[in-house]
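**Student:** Give the three-dimensional model of this entry:
(one chain, ligands or ions: 2)
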Amino acid sequence: MRTPSVLIVGTGLLGTSLGLRLKENWQVWLSDLSPAAEALARDMGAGSCYDGAAQPDLVVVCAPPDVAGRCVVQALENFSEAVVTDVASVKEAVAEVVLGCEVDWSRYVGSHPMAGRERSGAAAADCDLFEGNPWVIVPTEYSAATALQMVRSVALEVGAIPRQLSAEEHDAAVALVSHVPQLVSSLLAARLKEAPQSALGLAGQGLRDTTRIARSDAELWAAIVSQNSEAVAHVLGEFAADLRGLLAGLAETGPSGLDQPGRMGAVAKVVLAGNRGVERIPGKHGGPPRRYLEVSVLVPDKPGEFGRLFTEIGEEGVNIEDFSIEHSAGAAAGVARLLVMPTAGQPLVEALKRRGWQVPSAMNRGQ
Ligand SMILES: NC(=O)C1=CN([C@@H]2O[C@H](COP(=O)(O)OP(=O)(O)OC[C@H]3O[C@@H](n4cnc5c(N)ncnc54)[C@H](O)[C@@H]3O)[C@@H](O)[C@H]2O)C=CC1
Ligand SMILES: O=C(O)C(=O)Cc1ccc(O)cc1
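**Tutor:** Ligands and ions are numbered 1, 2, ... in the order given. Have a look, this model is predicted:
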């Protein structure tokens, strides 16, 4: 069977990750405005630098969102048979550019893998980036069924879960689940800019969890948010109203409680609403949230201790569904938080204690 070929335009985090994953079954061509970025992706093994002559079956534009539309148009013009898609984080703005030009619209299907990280560039690429994550497919009214099918099958091939939405539905959804979380994380982390070291030294996992994506690339996010400004402003407006309610509650004087407006009531309202929201985030396999038992284990800060813990859990025949590690500055131990199936939880806690591990807590958790 003939090996299909794909041209990846933009060989940063997304483009290189895709090349690394597809190269097994595809001839992967790489192209980037920056020769250094293209060479780095090639040297990482993501494919070959585009020779300027090959006619790819598929073009995937992985360039920043402000130029993605123009790159798609160029690809439709340069390659008369190729299906063209892009992975930009906004979809209406890209489609507007494409549909504003006289090209063969039937070969274009927008898409957006909901997978990424806070670092840019080929050096941060990961062939497993897409595994188990949604990949939104956004056809226009002109997209051919064969083009749609090709993009869908690429999403499946890289281990992603295809979901079809209109550009408008997509942009409203990502404003809520991706773009506003990025801005809120950045705003929160910005509070730390001039914080005294004595305060920062007390930081725990909560701050780390809520500020992880504050390390993201400013240029990329400025391009993403400015192209989805209406939907983002709508969600931020609701956020601001909640914030004003909280501030008004904090300013209350006199007694208050859960049953009357006031300081405690205002805070409890915010936390309870958050409890209801977070419960609705689907688990790592998609679908409804799953219930796991979270088992915390104290792990001495010594070489090989994590390896020993995981080996011993394996010996007990227990599968770890997910885990995270919590470190406290200056502490001689870390806490491993292990998510296991509820039925496996109690026997595991007992077995670990028998084996001499300290198990400070085990509690129910949704994921
Ligand atoms: N970073 C993330 O977590 C995710 C990003 N995306 C989308 O993927 C796209 C790429 O993002 P990243 O890989 O993170 O960015 P990146 O900054 O790592 O890579 C972008 C690459 O595109 C190149 N480039 C810029 N203009 C170009 C042009 N006109 N022609 C060819 N190459 C060009 C740059 O030189 C750079 O190497 C963006 O549209 C972004 O919205 C989608 C999902 C997740
Ligand atoms: O790092 C994370 O948790 C992300 O959610 C990454 C991400 C960034 C941009 C996108 O358009 C999609 C996904």
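
**Student:** ok, Trp221 - how many residues close by?
**Tutor:** 17 (other Cβ atoms under 10 Å). Where C-beta positions appear, they are placed from N, C-alpha and C, glycine not excepted.

**Student:** And the residue lying closest to it once chain neighbours are set aside, how far from Gly274?
**Tutor:** Once flanking residues are discounted, Trp221 sits nearest to Gln182: 5.9 Å by Cβ to Cβ, 6 or more residues apart in numbering. Distance of Gln182 to Gly274, computed by Cβ to Cβ, to the nearest Å: 18 Å.

**Student:** which of those two has more neighbours?
**Tutor:** Per other Cβ under 10 Å, whichever of Gln182 and Gly274 has more neighbours is Gln182, with 19 against 11.

**Student:** Contacts only, for that one.
**Tutor:** Neighbouring residues of Gln182 by Cβ atoms under 8 Å, 6 or more residues apart in numbering: 213, 216, 221, 225.

**Student:** any idea which element the third one lies in?
**Tutor:** Right, Trp221. In this structure, Trp221 sits in helix 218-226 according to DSSP states H and E.

**Student:** That helix and ligand 1, are they touching?
**Tutor:** Yes. Remark: helix 218-226 sits within contact range of ligand 1 at 220, 224, by Cβ under 6 Å from any ligand atom.

**Student:** and Ser143, helix, strand or coil?
**Tutor:** Classification of Ser143 using DSSP: H, G, I helix; E, B strand; the rest coil returns coil.

**Student:** The nearest residue to it once chain neighbours are set aside: what secondary structure?
**Tutor:** Leaving out its chain neighbours, the residue that sits closest to Ser143 by Cβ to Cβ, 6+ apart is Val109, at 4.7 Å. Per three-state DSSP, the local secondary structure of Val109 is strand.

**Student:** separation between Val109 and Asn133?
**Tutor:** Separation of Val109 from Asn133 (Cβ to Cβ): 18 Å.

**Student:** quick one, what contacts Val232?
**Tutor:** Val232 neighbours (Cβ under 8 Å, 6+ apart): 175, 179-180, 183, 225.

**Student:** so of those residues, which ones are in helices?
**Tutor:** Using DSSP state H, the members of the contacts of Val232 that fall in helices are 180, 183, 225.

**Student:** Distance-wise, check the first one relative to ligand 2.
**Tutor:** Using Cβ to the nearest ligand atom, to the nearest Å, one obtains 12 Å as the distance from Val180 to ligand 2.

**Student:** same question, Gly116
**Tutor:** In terms of Cβ to the nearest ligand atom, Gly116 sits 3 Å off from ligand 2.

**Student:** domain parsing for the protein?
**Tutor:** Domain segmentation of the chain under the TED database yields 5-165, 166-243, 293-355.
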